[in-house]
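K.L.:
Can you look at this prediction? I've put the sequence above it.
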Amino acid sequence: MLRGIHVPLVTPFAESGEVAVDAIEKLAHHVLDQGAAGLVALGTTGEVAALDPEERARVIEVCAGVCARRQALLTVGVTGNDTRSTIKALRSLPEGAGAALVTVPSFLRPGEQGVIAHFEALAEETPVPLVIYHIPYRTGQAVGAATLRHLGAHPMIAGVKYAVGGIDQDTIDLLGDLPEGFEVVGGDDAFISPLLALGAAGGILASAHLETRAFTELVDAWHAGDAPRARALGHRLARLSAALFAEPNPTVIKGVLHALGLIPTPDVRLPLVPAGERAVSKARLVAMRPGE
């Protein structure tokens, strides 16, 4: 289900500050045209924390419509830092959502037994398959390979968005012994190539707003065993990701998308501030030099 590149869409804003609904639809079609396997609505890249409930509902509605027409997977980011509110959010998912991306509880640091109990409770109530979002440098909660493997045995837990800040022994242990039907997708853009080389199914990558087709080719090359092609693509795309994350996500990405005419403004909502001109220019330059 999670194979390929899934793009966690930015939320474009109009000059008025409102969500630019038409731009969401345009951007969604653009990345799917370039080979993306699916979209992620209301992820961190979409500034979900800065959207009100009506705006979140509208984003999901637009993305669901596009994915239905294009037969693409829509994964929806589900917020909630405690089990009861997260279950409520899952039960409220609208028609069209194919999976839910749920972050390991942040700040509370419930321990690995708490993480297991949390996701098992969610899995018993969710109407769609769950993708665990493991990003310890944001949540403060480490989750080992054994815990993820245990959770992955549940039929309603489809995979994990894996973003631990690198490749470590747990990464190798997890990918070396995955439960049947449980997939790993990369969430650290700069490390997607080595993660694919170890057996990941794909990636949920903000960088893939740009060079979407090249990211999909990277996945295909590793899955086909074409290591020379994959290594060359991986090195190039890692440089692009580094440039796009030079300032807080998604500020540089929005700056580049605006410069390319794909969204109406580069605006973000506080506490984020727009990326500097130098960072945007550098990222555009890297994106314009695909052969280097």
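P.N.:
All right, it came through fine.
K.L.:
so where's the stretch 1-150 of the chain shaky on pLDDT?
P.N.:
Applying pLDDT under 70 to the stretch 1-150 of the chain flags no residue at all.
K.L.:
now the helices for it?
P.N.:
21-33, 53-70, 83-91, 111-125, 136-139, 145-152 (DSSP state H, counting those that start in this stretch).
K.L.:
do the stretch 151-292 of the chain as well
P.N.:
Counting by DSSP H, counting those that start in this stretch, the helices of the stretch 151-292 of the chain are 169-175, 192-197, 212-224, 227-244, 251-259, 277-287.
K.L.:
Residue 32 is nearest to which of those helices?
P.N.:
Nearest of the helices of the stretch 151-292 of the chain to residue 32, taken as Cβ to Cβ: helix 212-224 at 8.6 Å. For every residue, glycine as well, the C-beta is placed using N, CA and C.
K.L.:
Give me the packing partners of that closest one, helices and strands only.
P.N.:
strand 4-8, helix 192-197, strand 202-204, helix 227-244 (3 or more Cβ pairs under 8 Å, 6 or more residues apart in numbering; DSSP states H and E).
K.L.:
Please identify the most buried of those.
P.N.:
strand 202-204 (a mean of 30; mean count of other Cβ atoms under 10 Å).
K.L.:
so what strands line up beside that strand?
P.N.:
strand 4-8 (parallel), strand 183-186 (parallel) (DSSP bridges).
K.L.:
so can I have CSV of the ones you listed showing distance to residue 225?
P.N.:
As requested, the strands paired with strand 202-204 are exported to CSV (distance: least, Cβ to Cβ, whole Å):
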stretch, distance to residue 225
strand 4-8, 17
strand 183-186, 18
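K.L.:
need the contact list for the residue nearest the centre of the chain.
P.N.:
The residue lying closest to the centre of the chain (Cα atoms, centre = their mean) is residue 204, at 3.4 Å. Shown in contact with residue 204 (Cβ atoms under 8 Å, 6 or more residues apart in numbering): 6, 7, 8, 40, 43, 75, 101, 161, 185, 186, 187.
K.L.:
Tabulate these in a markdown table, adding columns for distance to residue 112.
P.N.:
Shown next, in a markdown table, are those (distance: Cβ to Cβ, whole Å):
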| residue | distance to residue 112 |
| --- | --- |
| 6 | 26 |
| 7 | 31 |
| 8 | 26 |
| 40 | 25 |
| 43 | 24 |
| 75 | 24 |
| 101 | 20 |
| 161 | 18 |
| 185 | 21 |
| 186 | 22 |
| 187 | 19 |
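K.L.:
got a pLDDT number for the residue nearest to the centre of the chain?
P.N.:
You'll see residue 204 listed with a pLDDT of 98.
K.L.:
what does residue 292 give?
P.N.:
So residue 292 comes in at 45 (pLDDT).
K.L.:
just use 647 as the starting number from now, easier for me
P.N.:
All set: I'll call the first residue 647, so the last point we hit is now residue 938.
K.L.:
still on that earlier bit, out of the helices of the stretch 797-938 of the chain, flag the one nearest residue 773.
P.N.:
helix 815-821 (26.8 Å).
K.L.:
contacts for that closest one?
P.N.:
790, 791, 794, 795, 808, 810, 830, 841, 844, 845, 846.
K.L.:
separation between the first one and residue 767?
P.N.:
Noted for residue 790: a distance of 20 Å to residue 767, by Cβ to Cβ, to the nearest Å.
K.L.:
For the helices of the stretch 647-796 of the chain, give me JSON lines that also has mean neighbour count and distance to residue 826.
P.N.:
Output for the helices of the stretch 647-796 of the chain, formatted as JSON lines (neighbours: other Cβ atoms under 10 Å; distance: least, Cβ to Cβ, whole Å):
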{"stretch": "helix 667-679", "mean neighbour count": "18", "distance to residue 826": "29"}
{"stretch": "helix 699-716", "mean neighbour count": "17", "distance to residue 826": "26"}
{"stretch": "helix 729-737", "mean neighbour count": "16", "distance to residue 826": "24"}
{"stretch": "helix 757-771", "mean neighbour count": "17", "distance to residue 826": "16"}
{"stretch": "helix 782-785", "mean neighbour count": "14", "distance to residue 826": "26"}
{"stretch": "helix 791-798", "mean neighbour count": "20", "distance to residue 826": "9"}
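K.L.:
Many thanks, have a good one.
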